[in-house]
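**Student:** pasted the sequence and its predicted model underneath.
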Amino acid sequence: MKEVIIATKNPGKAKEFEKIFASRGVAVRTLLDFPELPEVEETGTTFEENAVLKAETISKALNKMVIGDDSGLIVDALGGKPGIYSARYAGEPKNDQKNIEKVLSELKGVEEESRTARFYCALAVAIPGQETYTVSGTCEGRILEEPRGSNGFGYDPIFYVPEKGVSMAELSSNEKNQISHRANALKKLDSELDSILERAERS
Ligand SMILES: O=c1[nH]c(=O)c2ncn([C@@H]3O[C@H](COP(=O)(O)OP(=O)(O)OP(=O)(O)O)[C@@H](O)[C@H]3O)c2[nH]1
Ligand SMILES: [Mg+2]
């Protein structure tokens with residue numbers, strides 16, 4: 001079976017990549033399978049820079065093709081925050097529940113039409129000896145007043161998806177994987193996926 005390595009330690013992302021790639025007959029391994037690998041410092045100032053740091057650091061360590069994912073929530077009324085700081089918005093160690101509470105408290109009193117937000121996902125593909133390239137995807141929505149639903153991870157319970165009429169955490173994983181920022185970014189790799197996988201096998 002063909003295989004891709006995703007430079008993530010986030011179990012929520014890992015599950016989504018596993019499902020999406022499984023439908024293409026591709027197995028996924030993540031950093032959860034390689035505990036000995038170095039920590040990647042997310043020192044970039046954009047999602048793209050951080051995705052490249054993750055992909056290239058792990059690609060160099062393994063001498064294999066690696067995909068990095070840097071993603072997060074952009075809330076318009078908060079000037080784009082939490083943005084690249086989404087994972088640890090309420091401080092270390094990362095805690096989804098506290099992050100949600102922080103966003104909700106910062107949006108207290110903000111009316112529905114001003115609660116617009118989007119998820120953003122940058123993916124970087126690093127192949128040994130080749131130039132790394134990136135793609136990105138978004139998913140538009142609105143921040144709810146209270147959490148709804150228990151699927152997904154991160155901010156999904158407070159992210160309302162207007163086209164579906166429910167929160168991201170009320171969607172099944174299959175439904176989320178058709179409309180999410182991550183899925184939309186991956187769709188841009190689709191036309192190249194076969195050639196990427198062939199190069200990965202050779203690398
Ligand atoms: O509700 C959500 N649904 C999503 O689909 C989603 N995608 C990203 N996020 C948020 O953004 C952070 C990423 O930060 P991030 O890219 O640095 O990843 P991470 O630190 O969790 O793991 P790693 O991939 O770096 O190992 C995550 O922790 C989440 O808070 C999401 N929230
Ligand atoms: Mg991270």
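**Tutor:** Perfect, thanks for sending it. Computed from a prediction, not measured in an experiment: that's the story for all the values here. Numbering: from 1, shown residues only. Ligands and ions are numbered 1, 2, ... in the order given.
**Student:** so which bits of the strand or helix carrying Leu197 are buried?
**Tutor:** When elements are defined using DSSP states H and E, Leu197 is found to belong to helix 181-202. When neighbours are counted by 16 or more other CB atoms under 10 Å, the buried residues of helix 181-202 are found to be His181, Arg182, Ala183, Asn184, Ala185, Leu186, Leu193, Ile196, Leu197, Arg199, Ala200. C-beta here means a position set from N, CA and C on the backbone, and glycine is covered the same way.
**Student:** keep those, but drop any that are not near ligand 1.
**Tutor:** With respect to ligand 1, and counting by CB under 6 Å from any ligand atom, the subset of the buried residues of helix 181-202 in contact is Arg182.
**Student:** mind putting the buried residues of helix 181-202 into a markdown table with pLDDT?
**Tutor:** A markdown table is the format used below for these (pLDDT from 0 to 100):
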| residue | pLDDT |
| --- | --- |
| His181 | 98 |
| Arg182 | 98 |
| Ala183 | 96 |
| Asn184 | 97 |
| Ala185 | 97 |
| Leu186 | 95 |
| Leu193 | 80 |
| Ile196 | 78 |
| Leu197 | 78 |
| Arg199 | 75 |
| Ala200 | 72 |
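**Student:** pull the most distant pair out of the buried residues of helix 181-202.
**Tutor:** When these are compared pair by pair using CB to CB, the two farthest from each other are His181 and Arg199, 25.2 Å apart.
**Student:** what residue in the protein comes nearest to ligand 1?
**Tutor:** Among residues of the chain, the one nearest ligand 1 by CB to the nearest ligand atom turns out to be Gly154. It sits 2.4 Å away.
**Student:** any idea how far that residue lies from Leu53?
**Tutor:** 20 Å (CB to CB, to the nearest Å).
**Student:** which bits of this structure sit near ligand 1?
**Tutor:** Taking CB under 6 Å from any ligand atom as the criterion, the chain approaches ligand 1 at residues 8-10, 13, 42, 69-73, 86-87, 99, 119, 152-156, 159, 180, 182.
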